[in-house]
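>>> Here you go, sequence then predicted model.
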Amino acid sequence: MKDWTIGIIGGSGLYEIESLEARRTLDIVTPWGAPSDSLLEGVIADTRVVFLPRHGRGHRLGPSDLNYQANIAALKMAGCTDILSISAVGSLRADLPPRTFVLVDQFIDRTVARASSFFEPGLVAHVSLADPICARLAALAAAAARRAGAQVVEGGTYLAMEGPQFSTRAESRLYQSWGCAVIGMTNMPEARLAREAQLPYATIATVTDYDCWHEAERPVQAEQIVRCMQDNVREARLMIEHFISALPARREASPIDSALQSAILTAPEARDPVVVAKLRAAAIL
């Protein structure tokens, strides 16, 4: 077996990975509650894989209803070493049409109603998030997406909005003026929490529509997204198989593996033992 354990978070439309072998269900309850659904553990290309459908099977949970802390903590407790996030997004650029796969490298977080940290009063930490995406994972994912036949763009800023409604035209044009490439509702605080959990993280943003800035296109509707999403999911499943097959047998250490090393400011004797116990139970400390 390769010494990676890849956590895959499946976005809208991706609720199952058929190629998983030796599969079993993991029901994990974290110190922050239960994740969106049971985890599915299995093997692809001699690599352990743990899959979590972000919105639950059957898409039961909206973007602001997700327990992001529990989702990331459950993957950490399951032994994941790295996370690959698949997310349906809208395009904010004319050169990123539907069915494009964008390997985002930055985020602007406009969410307001979500717990965004594992740390609480009694244990203060400030991780670096200057580069929120693991470049190693992103490069491997880009190559795998090309092998799967997708149109791939490497680099771009993901605007994370609260939702569940889509943008107004004014908002969409504002985000364009900021230089954003795509817009979605789920990758923040997911990426923040992955960094606190010391898990390298990469996003494959699969474009389903132009956001409503595009005057020549019909304003985005849910049924339009679903139609394009079905095509994207087929390529995403192939991309996952190629990505995992291409992983080297040995996983080299990443600086993200020790992101907390110099991030905790609270003196050991001043740390709240209840908060410490939660973080240790989730293998974050």
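Received, thanks.
>>> hey, let's count contacts and neighbours off CA atoms from now on
Fine.
>>> SS state for L75?
Per DSSP: H, G, I helix; E, B strand; the rest coil, the local secondary structure of L75 is helix.
>>> can you give me the strands for the protein?
With strands called from DSSP state E, the chain shows them at 5-10, 21-26, 39-44, 47-53, 82-91, 100-103, 106-109, 151-154, 157-160, 182-184, 201-210.
>>> who's in contact with R24?
If you count contacts by CA atoms under 8 Å, 6 or more residues apart in numbering, R24 has them with 40-42.
>>> any chance of those in a markdown table, plus pLDDT and distance to F118?
Output for the contacts of R24, formatted as a markdown table (pLDDT from 0 to 100; distance: CA to CA, whole Å):
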| residue | pLDDT | distance to F118 |
| --- | --- | --- |
| L40 | 96 | 24 |
| E41 | 97 | 24 |
| G42 | 97 | 27 |
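>>> Dump the strands of the chain to JSON lines, plus distance to A282.
Formatted as JSON lines, the strands of the chain follow (distance: least, CA to CA, whole Å):
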{"stretch": "strand 5-10", "distance to A282": "15"}
{"stretch": "strand 21-26", "distance to A282": "15"}
{"stretch": "strand 39-44", "distance to A282": "15"}
{"stretch": "strand 47-53", "distance to A282": "16"}
{"stretch": "strand 82-91", "distance to A282": "15"}
{"stretch": "strand 100-103", "distance to A282": "28"}
{"stretch": "strand 106-109", "distance to A282": "25"}
{"stretch": "strand 151-154", "distance to A282": "33"}
{"stretch": "strand 157-160", "distance to A282": "26"}
{"stretch": "strand 182-184", "distance to A282": "28"}
{"stretch": "strand 201-210", "distance to A282": "17"}
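>>> of all these, which lies closest to L137?
Closest to L137 of those is strand 201-210 (CA to CA; 6.0 Å).
>>> Using CSV, write out every CA atom in the closest one.
The C-alpha trace of strand 201-210 is given here as CSV (Å, rounded to 0.1, in the frame of the first residue of the first chain):
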residue,chain,number,x,y,z
TYR,A,201,-5.8,20.7,0.9
ALA,A,202,-6.6,21.3,-2.8
THR,A,203,-9.8,22.3,-4.6
ILE,A,204,-10.9,21.3,-8.0
ALA,A,205,-13.6,23.8,-8.9
THR,A,206,-15.9,22.4,-11.6
VAL,A,207,-17.7,25.2,-13.5
THR,A,208,-21.4,24.7,-14.1
ASP,A,209,-22.5,28.1,-15.2
TYR,A,210,-21.6,31.7,-15.8
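>>> if I look at the most centrally placed residue in the chain, how far off is P31?
Against the mean C-alpha coordinate of the chain, by CA atoms, centre = their mean, the closest residue is S85 at 3.3 Å. As judged by CA to CA, to the nearest Å, S85 and P31 stand 22 Å apart.
>>> Over to Q261?
In this view, Q261 and P31 are 22 Å apart by CA to CA.
>>> Could you tell me how many residues sit around the closest residue to T25 other than its chain neighbours?
Excluding the flanking residues, the one nearest T25 by CA to CA, 6 or more residues apart in numbering is L40, at 4.8 Å. Using other CA atoms under 10 Å, L40 has 20 other residues around it.
>>> okay, and for the stretch 151-285 of the chain, where does confidence drop off?
216-229 (pLDDT under 70).
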